[in-house]
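In: Dropping the sequence and predicted coords here.
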Amino acid sequence: MEDGNKKTEYGIRESRGSVFWKEFIKGLVVSNPVFILTLGLCPVLAVTNSIDNALGMGAGVIFVLFCSNIIISAVRRTIPPLVRIPVFIVIIATFVTILSLVFEAYIPPLHKSLGIYLSLIVVNCIILGRAEVFASKNSVLDSMADALGIGLGFTLALVIISLFREILGTGGLAVFGFDLFNIPVLAEHPMTFFISPPGAFLVIGLLLALFKWIGVIKGD
Amino acid sequence: MLERLKSKRLYPIVFLSLVVLISVSLLLWINSFTSAVVAAQTEAKIKSVLESIFPDLTSFQESGDIIIVYEGDNIAGYTFVAAGKGYGGPINILVGMNADYTLRDMEVLSHIETPGLGGKITEEPFTGQFAGLAADEIALSRDGGKIDAITGATISSRAVTEAIQGRMIEVIEILSGQG
């Protein structure tokens, strides 16, 4: 596992700042949870039909991942290995429920449009994955960086996919109720296929292929 | 100290129970104030929706699942919820009906239709068509009514018209039964 490798090839410890930055930036591109690790694709397929939903879901995942990574890395030495997965899930589920309660009380429209997928963050394998692979083996600070990087990488992927789906599927783009633009002909005859689930598979498939292709060109 | 504790066979059970206990108490505590906010929101929403349909309402009275709206001493109209089944799932619609049994206004309370398609049942171009119609006119134009369906979302559009029409007829029967 290259995760948590805090030494350079000469065995000299890097400064705290650069380690934090490295853990943060890796989630955005090199190990982007959606395009590179292809984790958590179920909510990705479901909530990328509009950019509002993508942003709401992204914010939710960042919050849950950030909080659960902090708690799990803080108590990592006291968790009995035998019950570590149930402990992770209870911790994650607690934060998801808090998120759900808060969204319901203070942002009801978002709570309504995310529906069941908000609660399903509990079983999002990105979050459990980061708990098991990273937070249970690294310091609180590094786990925070990891959570922010992976969370933002996930959000970035959701936003990119939802941009394609919303623009092609509705012929325009609206963020939080504000119409940004409408494409003249497309708005009257939108390609509604892209809003539907098969459209999600197509967009994600093509984007995965694109990122793989870029990787091949760069010689990874 | 911790090492000795961790070697005990009961430690995993105690640890997990402790985590669950903390989790549950935290959630109960948070729920105790968010649930009040949610209840107040629902209450305020019903009131504001009633006011958007009947701006001059002075009081309202519930009769079964129909709300009778008064302006002074006169019955201004009735509101009730119509439930239909759309493309994505259940659709709940609040309907305001005039005292002469024509539709006054409608608002979609909840739905899980596809955003950008069936989701447009909440938008003005569709909802604006309903005002003033009698129950038998509330159907899609292709079914002989006066409502134009949303392009590409006939199932959602028909679910709304059928739910409103069906419930309106039921409510009118109940009301005329009471004399």
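Out: Happy to help now that I have it.
In: Contacts (any at all) between chain A and stretch B:38-47?
Out: Yes - Stretch B:38-47 comes into contact with chain A (Cβ under 8 Å from any Cβ of the partner chain), by way of B:38, B:41. Glycine gets a C-beta too; all of them are placed from N, C-alpha and C.
In: can you give me the offset of that stretch from its chain's centre?
Out: For stretch B:38-47, the separation from the chain centroid amounts to 12 Å (computed by Cα atoms, centre = their mean, to the nearest Å).
In: Kindly report the same for stretch B:146-157.
Out: In this view, stretch B:146-157 has its centroid 20 Å away from the chain centroid, taken as Cα atoms, centre = their mean.
In: distance between the ends of it?
Out: Across stretch B:146-157, the terminal residues are separated by 12 Å (Cα to Cα, to the nearest Å).
In: mind giving me the domain split of chain B?
Out: Chain B breaks down into these structural domains: B:2-49, B:59-178 (assignment by automatic domain parsing).
In: next structured bit after the helix or strand where A:Leu110 lies?
Out: According to DSSP states H and E, A:Leu110 maps onto helix A:108-114. Read in the C-terminal direction, the helix or strand following helix A:108-114 is helix A:116-119, with elements assigned using DSSP H and E.
In: re earlier: contacting residues around the helix holding A:Leu110?
Out: Judged by Cβ atoms under 8 Å, 6 or more residues apart in numbering or on different chains, the contacts made with helix A:108-114 from elsewhere in the structure are A:47, A:50, A:52-53, A:56-57, A:60, A:100, A:103-104, A:118, B:41, B:110, B:115.
In: And stretch B:38-58, by the same measure?
Out: When contacts are defined by Cβ under 8 Å, 6+ apart, stretch B:38-58 is touched by residues A:104-105, A:108, B:60, B:67, B:69-72, B:76-77, B:79, B:94, B:96, B:104-105, B:107, B:109.
In: just the buried members of those residues?
Out: Applying a neighbour-count criterion of 16 or more other Cβ atoms under 10 Å in any protein chain shown, the buried members of the contacts of stretch B:38-58 are A:104-105, B:60, B:67, B:69-70, B:76-77, B:79, B:94, B:96, B:104-105, B:107, B:109.
In: Narrow the residues you listed to those in strands?
Out: Within the buried ones among the contacts of stretch B:38-58, membership in strands is found for B:60, B:67, B:69-70, B:76-77, B:79, B:94, B:96, B:104-105, B:107, B:109, as judged by DSSP state E.
In: what's the most distant pair in those?
Out: Based on Cβ to Cβ, the longest span within those runs between B:Tyr70 and B:Leu109 and measures 22.4 Å.
In: Could I get the full set of helices for chain B?
Out: Taking DSSP state H as the criterion, chain B contains helices spanning B:2-6, B:11-53, B:124-127, B:154-178.
In: nope, chain A is what I was after
Out: For chain A, applying DSSP H gives helices covering A:16-28, A:41-47, A:51-74, A:84-106, A:108-114, A:116-119, A:125-130, A:140-170, A:184-188, A:197-217.
In: what residue lies at the spatial centre of chain A?
Out: Central residue of chain A (Cα atoms, centre = their mean): A:Phe154, 2.6 Å from the mean position.
In: And for it, nearest residue in space, chain neighbours not counted?
Out: Sequence neighbours aside, A:Pro33 is the residue nearest to A:Phe154 in space, at 4.9 Å (criterion: Cβ to Cβ, 6 or more residues apart in numbering or on different chains).
In: Am I right that that neighbour is in contact with A:Ile150?
Out: Yes - with contact defined as Cβ atoms under 8 Å, A:Pro33 reaches A:Ile150; the gap is 5.6 Å.
In: which residues do those two both contact?
Out: A shared contact of A:Pro33 and A:Ile150, defined by Cβ under 8 Å, 6+ apart, is any residue touching both; here these are A:27, A:126.
In: my guess is A:Phe193 meets A:Arg165, correct?
Out: No - the pair A:Phe193 and A:Arg165 does not pass the contact test of Cβ under 8 Å, sitting 9.7 Å apart.
In: what about stretch B:88-96 and chain A, touching?
Out: No - for stretch B:88-96, no contact with chain A is found by Cβ under 8 Å from any Cβ; the gap never falls below 9.3 Å.
In: Outside of that stretch itself, list whatever touches it.
Out: Outside stretch B:88-96, the residues within contact range by Cβ under 8 Å, 6+ apart are B:49-50, B:53-54, B:69, B:77-85, B:103-114, B:118, B:121, B:156, B:159-160, B:163-164, B:167-168.
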